[in-house]
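Asker: No sequence on hand, only this structure:
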């Protein structure tokens, strides 16, 4: 069984928001919902040593996922391949998972009355052997997706072959499976 | 589009308030029945069960799909499910215990049944009075909530508002002598304890917590919650009742009870809304501040080419 993960190379990301748009269009999200915002840190420093970093974020598909534990209906689930997803029919929109997620990765769909989130495009992409839309769209190849337990995969090589790799809010102990190169 | 909050809002705060107050009333009723064989106040016990029920109703209204609320009982591992079950048991046990002191009901005066119901009221009352604090304290990504302090703060406030509610009941209905003789002093002690633990909590969060916690606590000391917390909750809702409870006058004690209840309501709202402060990711606050607010209906039309 694979364990899916994503590596985001912040050195390549230009903050164009193409991934955000692709996600919203292909997942047909309402206008007030965003699964994968691209935030900007900086500029910091003084000229000529000025830096600005774009940080694409999304659901971290944590191994210790507080959102799944918090869900009172069992709608929030985690597959064996690590993908965390919401079964819309079971969700009552209590927002327990929204509050439990430290990454702000879950959003309420006010039209449906449910909570939704990134699921790595599991139904129409990953389960069909294709890449998630945000990865497919990134023209800078800043997003890399794959099985982190496969030693031949690019994500395995990137995570294990670089010293400049980290995870967001790692100190919270949620074991996120989105890695950042910096 | 709905104007519901992206995070939990006032309905959950008021749910915590009513459920906590009602649960503490059932807890005291159960203790009085078990250890004294006495009825604190029939009206008070029934009010306790009704308060928990009001809390449950508000919890349902807060849901995105209120008509599917029964699904909340489905995942025994989730603390919300645990709380929902305990609230249900507390409501039923409270109503049965309260009515067991009324002659018109067939189960009037059955001592064995009253003892069993009292045990359920004590257990479920204690759980319902405490679990919101446990629920919030487990949120690692909400710096003001996280940690073991929240359950103590919520239990204290629940016990205080529960005592205060019985004291207020004494104004217009018959209550056991212990309510008028002992409860004001117990409430005064809890006011003092509440004062000390809140000062300690704010102090610890602001000095010994993370950067995010310090930022979140600044709202309470100098930011937009400062007036509500310091003037509303700490002064009007805690210090003034502490003084009034110690004055041997029924009116003063009753007003103290009302103010303590008001303080509990203010505290729940401030605490729940402070959950809006998350451990923000780098640049996230600025990103979210730039998103359109209140223009969703217009954007929806543009998006779907309705104009």
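Answerer: Good, I have the coordinates. What you are looking at is a predicted structure, and each value in this text was computed from that prediction instead of being measured.

Asker: where's the residue in chain A positioned nearest to chain B, which helix or strand?
Answerer: Relative to chain B, the nearest point of chain A is residue A:93 (1.9 Å; CB to the nearest CB). C-betas here are computed from N, CA, C, even on glycine. Using DSSP states H and E, residue A:93 falls within no helix or strand.

Asker: Need the nearest residue in space to it, chain neighbours excluded.
Answerer: Among residues not flanking residue A:93 along the chain, residue B:64 sits closest, at 1.9 Å (CB to CB, 6 or more residues apart in numbering or on different chains).

Asker: okay, now the one you found: neighbour count?
Answerer: Using other CB atoms under 10 Å in any protein chain shown, residue B:64 has 20 neighbouring residues.

Asker: thinking again about what came up before, shouldn't the residue of chain A closest to chain B be in contact with residue A:113?
Answerer: Yes: if you go by CB atoms under 8 Å, residue A:93 and residue A:113 touch, sitting 4.6 Å apart.

Asker: more neighbours, the two?
Answerer: Under the criterion of other CB under 10 Å, the comparison of residue A:93 against residue A:113 puts residue A:93 first, with 23 against 19.

Asker: ok so, going back, would you say the residue nearest to residue A:93 is within a strand?
Answerer: No: membership of residue B:64 in a strand is not supported by DSSP: H, G, I helix; E, B strand; the rest coil, which gives coil.

Asker: could you point out which element follows the longest helix belonging to chain A?
Answerer: For chain A, the helix that runs over the most residues, judged by DSSP state H, is helix A:18-26. Later in the chain than helix A:18-26, the nearest helix or strand by DSSP H and E is strand A:38-46.

Asker: Contacts for that next one next, please.
Answerer: For strand A:38-46, contacts defined as CB atoms under 8 Å, 6 or more residues apart in numbering or on different chains pick out A:13, A:15-17, A:19-20, A:50-57, B:281-284, B:286-287.

Asker: what residues are up against residue 79?
Answerer: I went with chain A, as the question did not name one. Counting by CB under 8 Å, 6+ apart, residue A:79 touches A:85, A:122.

Asker: nope, chain B
Answerer: When contacts are counted by CB under 8 Å, 6+ apart, residue B:79 touches A:70, B:131, B:134-135, B:138.

Asker: Out of the residues you listed, which sit inside helices?
Answerer: Among the contacts of residue B:79, the members that lie in helices (by DSSP H) are A:70, B:131, B:134-135.

Asker: which of these count as buried?
Answerer: Those of the ones in helices among the contacts of residue B:79 that meet the buried threshold are A:70, B:131, B:134-135, by 16 or more other CB atoms under 10 Å in any protein chain shown.

Asker: got the angle for the longest helix of chain A vs strand A:38-46?
Answerer: 170 degrees (axes from the mean of the first three to the mean of the last three CA atoms, to 10 degrees).

Asker: residues shared between the contacts of residue A:93 and residue A:113?
Answerer: Listed as contacting both residue A:93 and residue A:113 by CB under 8 Å, 6+ apart are B:63-65.

Asker: got the contact list for the spatially most central residue of chain A?
Answerer: Centroid check for chain A by CA atoms, centre = their mean gives residue A:58 as the closest residue, at 2.8 Å. Counting by CB under 8 Å, 6+ apart, residue A:58 makes contact with A:6, A:35-36, A:105, A:118, A:134, A:178.

Asker: switch the cut-off to 7 Å
Answerer: A:35-36, A:105, A:118, A:178 (CB atoms under 7 Å, 6 or more residues apart in numbering or on different chains).

Asker: rewinding a little: so which of the contacts of residue B:79 is the closest to residue B:254?
Answerer: Minimum distance to residue B:254 across these is 29.5 Å, recorded for residue B:131 (CB to CB).

Asker: If I look at that closest one, what pLDDT would I see?
Answerer: pLDDT recorded at residue B:131 is 95.

Asker: on that earlier part again, so which of the contacts of residue B:79 comes closest to residue B:255?
Answerer: Nearest to residue B:255 among the contacts of residue B:79 is residue B:131, at 30.3 Å by CB to CB.

Asker: Not counting sequence-adjacent ones, nearest residue to the closest one?
Answerer: Spatial nearest neighbour of residue B:131, chain neighbours left out: residue B:83 (4.5 Å); criterion: CB to CB, 6+ apart.

Asker: burial count for the one you found?
Answerer: There are 25 residues near residue B:83, going by other CB under 10 Å.

Asker: In a helix, it, correct?
Answerer: Yes: counting by three-state DSSP, residue B:83 is found in a helix.

Asker: Can you give me the pLDDT of it?
Answerer: At residue B:83, pLDDT is 96.

Asker: who's in contact with it?
Answerer: Contacts of residue B:83 by CB under 7 Å, 6+ apart are B:128, B:131, B:135.

Asker: avg pLDDT for stretch B:97-117?
Answerer: Across stretch B:97-117, the average pLDDT comes to 95.

Asker: Hmm, I typed the wrong one, I wanted stretch B:52-64.
Answerer: 95.

Asker: Stretch B:18-28 too?
Answerer: For stretch B:18-28, mean pLDDT is 98.

Asker: One more: stretch B:202-217?
Answerer: On average, stretch B:202-217 scores 89.
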